[in-house]
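In: structure for this input, please:
(one chain, ligands or ions: 1)
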Amino acid sequence: MSSSLVPLSRASRSIRGILPSSLITVRSIHLLSKTGIASACRAEASVSALSLPSCRHFSFTAQSRTATATSLASDVDDSRAATESIEDENATFEGFKDRLHPAVYKALVVKPFKLKTPSPVQAAVFDMLPGIAEPYKEGITGDRDLLVKAKTGTGKTIGFLVPAIQNRLAAIENVGKDAASPHERRRLVQEYARHTVGTLVISPTRELATQIATEAQKLCEHTDLGVKLFTGGASRVMQLRNFRQGTPDIVVSTPGRLADFLENESDVKEALESLNVLVLDEADTLLHMGFRQEIENILTFLPDAPERQTFMFSATMPPAVMQVARQALSPQHKFLDIVPPKDHSPVHAHIPQYHTLLDSAAQQIPHILRLIAHDQLSNPGKSKVIVFFQTTKMTQLFSTMLRELKRETLPAGHGSRFYEIHSKKAQSSRDNASNEFRNDRSGASVLVTSDVSARGVDYPGVTRVIQVGVPAGREQYIHRVGRTGRAGMSGRGDFVLLPHERKFISSVLSDVPINHLSAKELEEATRELAAKHDDDPKAFMSSARSGTSASAPARFAPKVQNVVEGMPQIVNDFFDRLDPEAVREVFVATLGFYSTTIDDLHVSRGEVLEGMREWATEGLGLAEPPHVSEAMLKKIGMSSDGEPRQYSDRRRFVGSRTPFGMRSGGAFGERSGGGNNTRTSYGMKRGTSPREREWTRERSDRRDSALWMDRGHAGSRR
Ligand SMILES: Nc1ncnc2c1ncn2[C@@H]1O[C@H](COP(=O)(O)OP(=O)(O)OP(=O)(O)O)[C@@H](O)[C@H]1O
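Out: This next block holds a predicted model:
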């Protein structure tokens with residue numbers, strides 16, 4: 001965002017934003033009171049029998065039953081830092097009844113949430129109520145800003161929304177206390193509520209912003225408060241109209257759309273000038289390079305501390321970002337680290353994690369399919385898998401391939417439902433996919449996605465997260481795994497690495513409890529489960545029928561063993577239908593990705609390039625590795641001096657049919673240059689996917705080719 005966004009009148013103002021650390025002295029130490037910690041820990045006691053439909057047991061592991069309050073000054077004066085842990089005791093929301101506003105309490109406990117027990121992070125925050133939700137008034141002091149680190153899926157959203165909502169309710173209550181008449185007071189309250197924003201929540205992705213706004217709306221159900229959502233990719237006009245109707249008590253936004261409105265819409269700008277509470281969710285992402293400048297600029301439009309309270313929440317807080325975070329908070333802020341003192345892993349111990357280092361890229365697709373098959377067999381009628389890929393292009397290609405292959409390679413076959421989310425999709429299509437996956441009850445669903453789904457997004461009941469290839473850093477790995485095992489439920493993480501990515505585990509994830517699983521072990525485990533199914537399909541599927549998640553569980557093939565055994569051949573035969581040009585696009589995009597993560601790989605650029613060449617030939621059956629000019633390699637930071645090796649082996653798959661480098665026509669405008677991949681056929685040669693075959697037949701039947709062209713292209717436009 002350009003610096004012109006900074007209003008001139010405010011440009012010279014002292015911004016409690018991102019200032020050089022030397023300009024701010026961390027001078028206060030604030031610890032949670034003993035009672036505070038005690039009740040935080042009480043809340044973490046064996047919590048169960050919650051009535052959330054998706055969450056039968058919200059029980060935290062023994063290791064996670066300790067709240068830690070650490071002074072922000074600990075690096076300044078270690079002797080004054082403190083860590084306390086208190087024994088578990090049972091706790092319920094009832095215990096916080098006198099601290100929660102009756103309307104908020106009702107939303108949490110009665111309807112719509114029907115929760116029984118606060119999570120550790122919620123208990124720690126609620127224990128600071130009502131003080132933490134006190135609106136600003138002259139002379140107010142105390143620990144009003146919060147920096148909170150708590151594991152993924154532990155209810156941070158409610159943790160920050162409750163004090164934010166209570167702050168707004170209290171602020172409205174304070175308006176017009178000295179008014180001459182009740183009528184005058186009503187007028188003042190209306191005026192205030194209509195023209196000021198109480199809380200602004202900034203979130204890095206549209207999906208997450210939408211989810212937070214929904215959660216806020218539910219929490220406000222028994223109040224008159226209004227929730228407004230600003231996100232890119234949706235109609236500006238509609239969002240502004242919505243903002244101007246009712247009251248903007250809580251505004252949830254992504255940074256880009258917010259900056260746009262602040263710059264161009266004076267009423268939005270003015271309403272935010274008297275903001276009470278700012279929440280940065282996924283704070284480390286927002287304060288990291290990609291968003292930092294935009295956030296800095298947004299901060300210039302908001303009041304400074306202490307008028308503005310700031311809450312920052314995340315599951316991860318790398319030291320460098322922590323420094324920046326501290327500078328964006330008031331000196332009197334509190335740091336809640338809801339991670340047990342000896343548990344340095346930000347991932348729950350109850351989520352078993354496995355990594356597989358593939359011997360060859362040829363194993364990649366079979367291994368991914370086997371992991372999905374293994375999940376369907378391990379969780380019959382309840383399988384819900386998320387597969388993460390490194391880039392949008394890679395996500396598009398694998399989404400196509402997995403959909404095309406599902407019928408013949410997965411136990412639930414055609415009944416397996418696939419969803420696709422990435423930034424090249426139109427927002428409406430992203431929203432639909434997100435909602436449908438969230439509500440999917442097929443018991444055999446798979447979301448294929450890029451990192452737009454890595455953080456914060458809550459899909460209850462995800463049984464497994466599969467990460468294909470190294471992510472963009474340690475934090476991203478943690479957040480991706482955090483899409484499973486949420487709210488105390490079980491889950492599993494699998495991480496699939498190509499040979500050139502082998503050093504990532506030891507160099508980046510050394511403190512994460514991650515087990516090795518060989519491709520062979522998975523193969524055997526899947527085979528065993530398939531045999532068990534085939535022995536007695538009825539008994540095997542009985543858990544699916546008794547399970548609560550699937551409404552009509554997808555049925556398995558009668559002989560799952562045949563499916564499992566036949567999969568490698570089906571995959572090999574499939575390569576013939578792949579469009580080499582699409583593989584080349586993915587190849588280039590992935591090299592670009594590696595150029596930004598090369599330090600985490602601890603291998604040379606030459607080795608990565610070689611590894612990707614093998615991926616294209618061994619893994620995806622190209623006759624030869626894609627040609628990328630030296631100039632292009634230089635441009636994307638992946639230039640290599642090494643000689644490429646000779647490729648001969650897997651030419652049989654495509655080489656004879658489609659000369660490398662020749663486009664074969666492409667599928668419905670969904671080719672290079674991006675565009676919105678609303679079709680499922682990215683990466684397929686024309687006429688090779690069932691749907692395309694069908695459409696191609698249709699086309700030849702019709703004389704009106706123009707009509708066909710319209711149909712073919714319509715879906716790929718935004
Ligand atoms: N006290 C509670 N009891 C039971 N379930 C809860 C409770 N609080 C929140 N949940 C549920 O737990 C799930 C995870 O909550 P939420 O998305 O807020 O987690 P988070 O900590 O923000 O995760 P992430 O770090 O991934 O953003 C949601 O489905 C939410 O409705």
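
In: may I have stretch 567-579 exported as CSV, CA atoms only?
Out: C-alpha atoms of stretch 567-579 as CSV (Å, rounded to 0.1, in the frame of the first residue of the first chain):
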residue,chain,number,x,y,z
MET,A,567,-3.7,-47.9,-7.7
PRO,A,568,-0.1,-47.6,-8.9
GLN,A,569,-1.0,-48.9,-12.4
ILE,A,570,-4.0,-46.5,-12.6
VAL,A,571,-1.7,-43.6,-11.7
ASN,A,572,0.9,-44.6,-14.3
ASP,A,573,-1.8,-44.8,-17.0
PHE,A,574,-3.2,-41.5,-15.9
PHE,A,575,0.0,-39.6,-16.8
ASP,A,576,-0.8,-40.0,-20.5
ARG,A,577,-3.7,-37.5,-20.0
LEU,A,578,-1.6,-34.8,-18.3
ASP,A,579,-0.9,-31.6,-20.1
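
In: next, the buried residues of that stretch.
Out: Of the residues in stretch 567-579, those with enough neighbours to count as buried (16 or more other Cβ atoms under 10 Å) are 567-568, 570-572, 574-575, 577-579. For glycine as for every other residue, the C-beta is placed from the backbone atoms N, C-alpha and C.

In: quick one: which of those sit in helices?
Out: 567-568, 570-572, 574 (DSSP state H).

In: export those residues to a markdown table and tack on distance to T392?
Out: Compiled in a markdown table, these are given as follows (distance: Cβ to Cβ, whole Å):
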| residue | distance to T392 |
| --- | --- |
| M567 | 27 |
| P568 | 28 |
| I570 | 26 |
| V571 | 23 |
| N572 | 27 |
| F574 | 22 |
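
In: if we can go back for a sec, got CSV for the buried residues of stretch 567-579, with pLDDT and distance to the ligand too?
Out: Shown next, in CSV, are the buried residues of stretch 567-579 (pLDDT from 0 to 100; distance: Cβ to the nearest ligand atom, whole Å):
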residue, pLDDT, distance to the ligand
M567, 96, 33
P568, 95, 35
I570, 95, 35
V571, 95, 33
N572, 92, 38
F574, 92, 35
F575, 91, 36
R577, 90, 37
L578, 92, 35
D579, 92, 36
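
In: out of these, the closest to T247 would be?
Out: Comparing the buried residues of stretch 567-579 against T247 with Cβ to Cβ picks out D579 as the nearest, at 52.1 Å.

In: isn't the closest one right up against P626?
Out: No. Taking Cβ atoms under 8 Å as the definition, D579 is not a contact partner of P626, at 11.8 Å.

In: so after the helix or strand that contains Q239, what's the next helix or strand?
Out: Using DSSP states H and E, the secondary-structure element containing Q239 is helix 236-244. Once helix 236-244 ends, the next helix or strand along the chain (criterion: DSSP H and E) is strand 250-253.

In: would that next one count as contacting the ligand?
Out: No. Taking Cβ under 6 Å from any ligand atom as the criterion, strand 250-253 and the ligand are apart, separated by no less than 13.3 Å.

In: so which other helices or strands are in contact with that strand?
Out: The contact analysis (3 or more Cβ pairs under 8 Å, 6 or more residues apart in numbering; DSSP states H and E) places strand 250-253 against helix 156-174, strand 199-202, helix 206-219, strand 227-230.

In: stretch 325-336 - what's its average pLDDT?
Out: Computed over stretch 325-336, the mean pLDDT rounds to 86.

In: give the residue spans of the stretch 301-450 of the chain that score low on pLDDT.
Out: Applying pLDDT under 70 to the stretch 301-450 of the chain flags residues 340-349.

In: ranges for the helices of it?
Out: Taking DSSP state H, counting those that start in this stretch to define them, one finds helices in the stretch 301-450 of the chain at 319-328, 364-378, 392-409, 427-439.

In: can you redo those helices as a markdown table with mean neighbour count and distance to the ligand?
Out: As requested, these are arranged in a markdown table below (neighbours: other Cβ atoms under 10 Å; distance: least, Cβ to the nearest ligand atom, whole Å):
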| stretch | mean neighbour count | distance to the ligand |
| --- | --- | --- |
| helix 319-328 | 18 | 15 |
| helix 364-378 | 24 | 20 |
| helix 392-409 | 23 | 20 |
| helix 427-439 | 18 | 10 |
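
In: many thanks, have a good one.
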